[in-house]
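> output the structure for:
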Amino acid sequence: MATVRLISDAEAGPQVAAVFADIRKTRGTDFINNFWRALAADPAVLERTWAEVKAVMAAPGSLDPLTREMIYIAVSVANGCSYCVHSHTAAARAKGMSEAQYGELLSVIGLAAKTNHLVTALQVPVDPQFDMST
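From the prediction side, this is the model:
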């Protein structure tokens, strides 16, 4: 259950309505998901967050949109965000992620989680060849 009221289109003030309109235009859909509706409880946070998401996830760059979504899935798994795992898996599938790619992604996520925990538990020192701070 959300800790804030999800803002409907009918309740949206001008600032929220403008952001919702930009989300619809940018994504080419009429759907506004619950994340944005929850953020709309604070219009300034909604506007700032959408601007950042749009700049990172929708703007042209070196990473293709599917790769960005797959990275988002991996980070969301690591952070335990079920909502983000579901929404970005749907977005990745819409951008062409195959079942084989999804299976490989989950294998990489699982392996990274395991080896990260082992390295942390063993407190393995970073090899000088890998230390980017020097």
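> switch to C-alpha atoms for all contacts and neighbour counts from now on
Will do.
> show the contacting residues for residue 79.
The contact partners of residue 79, by CA atoms under 8 Å, 6 or more residues apart in numbering, come to none.
> for it, grab phi and psi.
phi -90, psi 0 (degrees, to the nearest 10).
> do the same with residue 28
Dihedral angles (degrees, to the nearest 10) for residue 28: phi 60, psi 40.
> check what pLDDT it gets.
The per-residue pLDDT reported for residue 28 equals 94.
> ok, now how distant is it from residue 8?
Using CA to CA, to the nearest Å, we find residue 28 at a distance of 19 Å from residue 8.
> quick one: which of those two has more around it?
residue 8 (14 against 9; other CA atoms under 10 Å).
> can you tell me the closest non-neighbouring residue to the more buried one?
Among residues not flanking residue 8 along the chain, residue 37 sits closest, at 6.9 Å (CA to CA, 6 or more residues apart in numbering).
> could you report the neighbour count for that neighbour?
21.
> tell me the helix or strand right after the helix or strand where it lies.
If you go by DSSP states H and E, residue 37 is part of helix 34-39. As assigned by DSSP H and E, the chain's next helix or strand after helix 34-39 is helix 43-53.
> I am finished for the moment; much appreciated.
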